[in-house]
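> Here's a sequence, model it:
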Amino acid sequence: MLYSNMAHSSEKSPTHSVDQVFYQEADAFFKTHAHTALTYDDITLATRYSDVLPRKAQVDTALSERLKLHIPIISSDMDTVTESEMAIAMALNGGLGLIHYNMTEAQQVKEVARVKNFVHGLIQEPITAKPDQHIGDLLKLIENKQYNFKTFPVVDTHGKLLGLVPSAVVKERYKGRTVKEAMHARKELYTLDEVAIEKDPIAAADAFFNEHLGIHKVLVVDKNDTLRGLFTLSDIERIIEERAATVKPTRDAQFRLLCGAAVSATRTASGDLDKQRILGHVGNLVQEGVDAVAISTAHGHTLGVGETVKLLRQEHPELTLIAGNVTSAEGVDFLADAGADAIKIGQGPGSICTTRIVAGVGIPQMTALYVASKSASRGKVRLIADGGITKSGDIVKAMTLSDAVICGGVLAGCKEAPGKILEINGKLYKEYRGMGSLEAMQAGSAARYGQSNLDKNRKATAEGVEALKEVSGAVRETLLQLVGGLQSGMGYLGAPSLEALHSQARFARITPAGQRESAPHDIIEIKTAKNS
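So this is what the prediction gives:
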């Protein structure tokens, strides 16, 4: 039996001397292989004494003191992986999505807004209308902001509640009517007092909706009848369900889903850092509630990235900043000193990245993670393994030296990914491309590879390819498999938490023959058709 419920001694048996020789701690192992760069398939992890049931292993992590995740998985800031739909799915399943920047700045702000407005607890600053506006004005606002709601509280210039415009009248046929004509008057509205909801706003709202059948929205006011917020029945029902769920969504203090966004170290035509543009754009993202900003480039140990991190840290001291990518301890120290909270490790490991072939640089992931983990700044910054993850076992290995992983290819086929769908010989595929591919750079990612100001007669040098991924199911299904594999690995190593996984890991080198032995071999595999 693999795992036993039988009682064990609370003291673990000492490591056998033979085990110490063949299965080494990280320092001893990587020093033994100091001049050989290793990746996930080059190593295996030794099993340890365990009293940990896999399903009980805790996989919570943090990217900063302010940003906690329930699973250590982040969706990549690639234009065929993460837009608002993917970011919503990641947050609903305990992770984080980084919305890519291969779009206009205004579009990216809207994508963040879609995530942050997806499900609320108390909507503290609901979008309001004034009595002298017309229904046509509200229709234009909905179209411009791409709101997915049509109900508007009505307030005066001081914020005092006057009424509510119901969604039933926000239609083209009524566009000439004033808000005052169309709204339900104040005396017709149900409200909650903000003092009454202080202790537990969700419980208070839930009790209200249980008492008032058929009411789907309730406004919150203060003692002066000034509007302080809005609850919706659908949001409260979802939050109540989530509290009882095994996988809990990642939310901010206002119960909104967490969301991250990538930005570039943008430069002016003269080559100087475009501070005004960067601050303006990130300021707009912050206004929409973005939880993390990733300064995302292929080479993060550069002047421009360092300057951008410093600039944003000074302007937004409470914002979680992710920076990268680097593969050295020196690079980690550089970005940590600039003010980064978390640092992306990885240059060239992705399945669609050709940086190592084109530029001749890049370090295989396990060695890069180990070297990065020895940075003098390791205690105050988190490390994120970015790229090369193809299976759950890779995540187990990565998490022995890092705090989270970024996944691209394993999520690119999911229905929530934004890639185009193609049918080839009866099978469905989604477009998946490297951000260094020619097509992606033409769409806006050239700055990521230092090629944004090329002469018009010179083509960009591609550091990625365009590819296809077979269409898979929902993100939730993929994440359940990945997290389940991670927890299984933690069970084998006797690690009840990710912190314990760091200390419990013992490494061994594996040969190509050992790699073949690790996978199904010398058989004819039977694949059972999935139920439709």
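
> Any idea which helix or strand in this protein has the lowest mean pLDDT?
Counting by mean pLDDT, DSSP states H and E, the chain has its least confident helix or strand at helix 438-443, which shows a mean of 58.

> Can you give me the buried ones in whatever helix or strand comes next after that helix?
Next in sequence after helix 438-443, counting helices and strands by DSSP states H and E, comes strand 466-470. By 16 or more other CB atoms under 10 Å, the buried positions in strand 466-470 come out as 467-469. Yep, even glycine has a C-beta here, placed from its N, CA and C like the rest.

> again with stretch 269-278
In stretch 269-278, counting by 16+ other CB under 10 Å, buried: 273-274, 278.

> Can you spell out which helices and strands pack onto whichever strand or helix holds residue 395?
With secondary structure defined by DSSP H and E, residue 395 is part of helix 392-399. The contact analysis (3 or more CB pairs under 8 Å, 6 or more residues apart in numbering; DSSP states H and E) places helix 392-399 against strand 43-45, helix 365-373, strand 404-407, helix 475-493, helix 498-504.

> okay if I get those as JSON lines plus mean pLDDT?
Rendered in JSON lines, the data for those read as follows (pLDDT from 0 to 100):
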{"stretch": "strand 43-45", "mean pLDDT": "97"}
{"stretch": "helix 365-373", "mean pLDDT": "97"}
{"stretch": "strand 404-407", "mean pLDDT": "98"}
{"stretch": "helix 475-493", "mean pLDDT": "97"}
{"stretch": "helix 498-504", "mean pLDDT": "97"}
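
> TSV please, covering the ones you listed and showing distance to residue 390.
Formatted as TSV, the entries for the helices and strands packed on helix 392-399 read as follows, by distance: least, CB to CB, whole Å:
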stretch	distance to residue 390
strand 43-45	15
helix 365-373	11
strand 404-407	9
helix 475-493	11
helix 498-504	20
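
> Out of the ones you listed, which is the most enclosed?
Each of these was given a mean neighbour count from mean count of other CB atoms under 10 Å, and the largest, a mean of 28, is that of strand 404-407.

> Given it, what are its sheet partners and their directions?
strand 73-75 (parallel), strand 382-386 (parallel) (DSSP bridges).

> so which of the ones you listed is the most packed in?
Mean neighbour counts were compared across those using mean count of other CB under 10 Å; the top stretch is strand 73-75, at a mean of 29.

> Past that one, which element shows up next along the chain?
Later in the chain than strand 73-75, the nearest helix or strand by DSSP H and E is helix 84-92.

> tell me how far stretch 166-177 is from the chain's mean position?
Taking CA atoms, centre = their mean, to the nearest Å, the mean C-alpha location of stretch 166-177 is offset from the chain mean by 38 Å.

> Quick one: end-to-end distance for it.
According to CA to CA, to the nearest Å, stretch 166-177 extends 13 Å from its N-terminal end residue to its C-terminal end residue.

> residues of it that come out buried?
The neighbour-count criterion (16+ other CB under 10 Å) identifies 169-170, 174 as the buried residues of stretch 166-177.

> What lies in contact with it?
Counting contacts by CB atoms under 8 Å, 6 or more residues apart in numbering, the residues outside stretch 166-177 that touch it are 134-136, 138-139, 142, 149-152, 182, 184.

> Sitting in helices, which of these do you find?
Secondary structure assignment (DSSP state H) places 135-136, 138-139, 142, 182 from these within helices.

> from these, which has minimum pLDDT?
Across the ones in helices among the contacts of stretch 166-177, no position has a lower pLDDT than residue 142, which has 92.

> In this structure that residue contacts residue 152, no?
No. Using CB atoms under 8 Å as the test, residue 142 is too far from residue 152 to be in contact (9.5 Å).

> of all the buried residues of strand 466-470, which comes closest to residue 363?
Among these, residue 467 lies closest to residue 363 (CB to CB), at 23.1 Å.

> That closest one and residue 350 touch, don't they?
No. Applying CB under 8 Å, one finds residue 467 not in contact with residue 350, separated by 10.5 Å.

> mind putting the strands paired with strand 404-407 in JSON lines, mean pLDDT and distance to residue 41 included?
What follows is the strands paired with strand 404-407, written out as JSON lines (pLDDT from 0 to 100; distance: least, CB to CB, whole Å):
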{"stretch": "strand 73-75", "mean pLDDT": "98", "distance to residue 41": "20"}
{"stretch": "strand 382-386", "mean pLDDT": "98", "distance to residue 41": "14"}
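
> okay, these in TSV with distance to residue 403 next?
Shown next, in TSV, are the strands paired with strand 404-407 (distance: least, CB to CB, whole Å):
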stretch	distance to residue 403
strand 73-75	10
strand 382-386	4
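
> Which among the ones you listed is found nearest to residue 252?
Shortest separation from residue 252 across those is recorded for strand 73-75, at 16.2 Å, computed as CB to CB.

> picking that back up, could you dump the buried residues of stretch 269-278 into TSV and include secondary structure?
Putting these into TSV (DSSP: H, G, I helix; E, B strand; the rest coil) gives the following:
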residue	secondary structure
273	strand
274	coil
278	helix
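
> quick one: the helix holding residue 395 to helix 475-493, angle?
Orientation of helix 392-399 against helix 475-493 (axes from the mean of the first three to the mean of the last three CA atoms, to 10 degrees) gives an angle of 60 degrees.

> low-scoring pLDDT stretches of this structure, where are they?
Along the chain, the parts satisfying pLDDT under 70 run over 1-15, 434-465, 527-532.

> Neighbours of residue 355, how many?
Other residues near residue 355 number 24, with proximity taken as other CB atoms under 10 Å.

> Can you verify my assumption that it contacts residue 349?
No. At 9.2 Å, residue 355 and residue 349 do not qualify as touching, with contact defined as CB under 8 Å.

> and for those two, which residues touch both?
Listed contacts common to residue 355 and residue 349 are residue 362; contacts here mean CB under 8 Å, 6+ apart.

> between the helices and strands packed on helix 392-399, which gets nearest to residue 74?
Each of the helices and strands packed on helix 392-399 has some distance to residue 74 by CB to CB; the shortest is strand 404-407, at 4.8 Å.

> after that closest one, next one along is what?
Toward the C-terminus from strand 404-407 - assigned by DSSP H and E - lies helix 409-412.

> so what secondary structure elements neighbour that following helix?
Packing partners of helix 409-412 (3+ CB pairs under 8 Å, 6+ apart): strand 427-433, helix 475-493.

> Can I get those in CSV including distance to residue 117?
Rendered in CSV, the data for those read as follows (distance: least, CB to CB, whole Å):
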stretch, distance to residue 117
strand 427-433, 26
helix 475-493, 19
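
> that older thread, what is the nearest of the buried residues of stretch 166-177 to residue 188?
residue 169 (13.8 Å).

> quick revisit: which residues are in contact with the helix holding residue 395?
40, 43, 45, 72-73, 365-366, 369, 385, 388-389, 405, 481-486, 488-490, 498, 501.
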